[in-house]
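A.B. asks: with the input below, show me the fold.
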Amino acid sequence: MVFSSPHSGRDYPREFLRASVLDDSSIRSSEDAFVDELFAAATEFGAPLLAARTPRAYVDLNRSADELDPALVEGVRRSSHNPRITSGLGVIPRVVSNGRAIYRGKMPLTEARRRIDACWRPYHAALQALLDVTNRSFGEVVLIDCHSMPHEAVDCIARAGAKRPDVVIGDRFGASADAAIVDRVEEAFAAAGLHVIRNAPFAGAYVTQHYGRPSRRQHAIQIEIDRSIYMNEQMIRPNANFEPFKRLIRSVVCDLTEIGRRKDVPLAAE
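C.D. replies: Below is the predicted model of the structure:
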């Protein structure tokens, strides 16, 4: 098992904050705050956790390096329709949550490339290295890509009177991980009392798509957790349930790290 948290970074460069039209709180609204803390127990159970320091608003590590937004970056040509770029959520985001603009105008292509070289490439080099060494050591590797979602994110699929999901598991509709492994991941969260659904409204973005290669014994599964369970979304602070929920996630992580160790949970090649 390898765990990653690409959107929990909170080291905001001063020059970036000065260039933004947003205040210090608004700029953090698209951050997966505290997700790295929730999953920190992975290392206790022998699994690595790669947690970003780079904030999502500065460089989005869950995007392809070529997803540059022509509405933000000078000299970028418009290409085929990409809904992430169109909405302002390319590799260098133009907006944060609720479509709020980060900048007053455009930035030079040289600045976008500098950020990608300084932040994006080292993160993905480190992630691939972890996956490679784990795969060589165990013959198979499962990447758990950890995220959080705003409470209202599932409004579009929530039915009246139905229980809202606490967790959304994304496996790109079966393309990024073996079905038996995804079932086992879902069972781990459900056993902890969390309501789980799959692939709606989040099926997995770049990390899941790029690293999910079941035919190569490399699986990738995205996890989205409702932020309101453990934090005040407006204040971006842990709420009173944070520590109990962190303990609950610790038990889930313990369960996840057992995948493949038990004979009754076969991995893809068995």
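A.B. asks: the closest residue to Ala41 other than its chain neighbours: which element?
C.D. replies: Leaving aside its sequence neighbours, Ala41 sits nearest to Arg250 (CB to CB, 6 or more residues apart in numbering; 4.1 Å). C-beta here means a position set from N, CA and C on the backbone, and glycine is covered the same way. Assigned by DSSP states H and E, Arg250 belongs to helix 242-256.
A.B. asks: helices or strands up against the helix or strand hosting Val185?
C.D. replies: Following DSSP H and E, one finds Val185 within helix 179-191. On a contact count with 3 or more CB pairs under 8 Å, 6 or more residues apart in numbering; DSSP states H and E, helix 179-191 meets strand 167-170, strand 196-198, strand 218-226, helix 242-256.
A.B. asks: run the last query once more with 10 Å
C.D. replies: strand 141-149, strand 167-170, strand 196-198, strand 218-226, helix 242-256 (3 or more CB pairs under 10 Å, 6 or more residues apart in numbering; DSSP states H and E).
A.B. asks: how about those in JSON lines, adding distance to Val95, mean pLDDT and mean neighbour count?
C.D. replies: Shown next, in JSON lines, are the helices and strands packed on helix 179-191 (distance: least, CB to CB, whole Å; pLDDT from 0 to 100; neighbours: other CB atoms under 10 Å):
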{"stretch": "strand 141-149", "distance to Val95": "17", "mean pLDDT": "97", "mean neighbour count": "25"}
{"stretch": "strand 167-170", "distance to Val95": "22", "mean pLDDT": "98", "mean neighbour count": "24"}
{"stretch": "strand 196-198", "distance to Val95": "27", "mean pLDDT": "96", "mean neighbour count": "18"}
{"stretch": "strand 218-226", "distance to Val95": "19", "mean pLDDT": "98", "mean neighbour count": "25"}
{"stretch": "helix 242-256", "distance to Val95": "28", "mean pLDDT": "98", "mean neighbour count": "18"}
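A.B. asks: Ala57 is nearest to which of those?
C.D. replies: With CB to CB as the measure, strand 141-149 is the member of the helices and strands packed on helix 179-191 nearest Ala57 (14.8 Å).
A.B. asks: in its sheet, what does the closest one sit against?
C.D. replies: strand 2-5 (parallel), strand 218-226 (parallel) (DSSP bridges).
A.B. asks: same list, those strands, but as JSON lines with distance to Glu15 please.
C.D. replies: Below are those laid out as JSON lines (distance: least, CB to CB, whole Å):
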{"stretch": "strand 2-5", "distance to Glu15": "25"}
{"stretch": "strand 218-226", "distance to Glu15": "31"}
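A.B. asks: gap between the residue nearest to Ala200 when sequence neighbours are not counted and Pro165?
C.D. replies: Sequence neighbours aside, Ile157 is the residue nearest to Ala200 in space, at 5.3 Å (criterion: CB to CB, 6+ apart). Distance, Ile157 to Pro165, using CB to CB, to the nearest Å: 8 Å.
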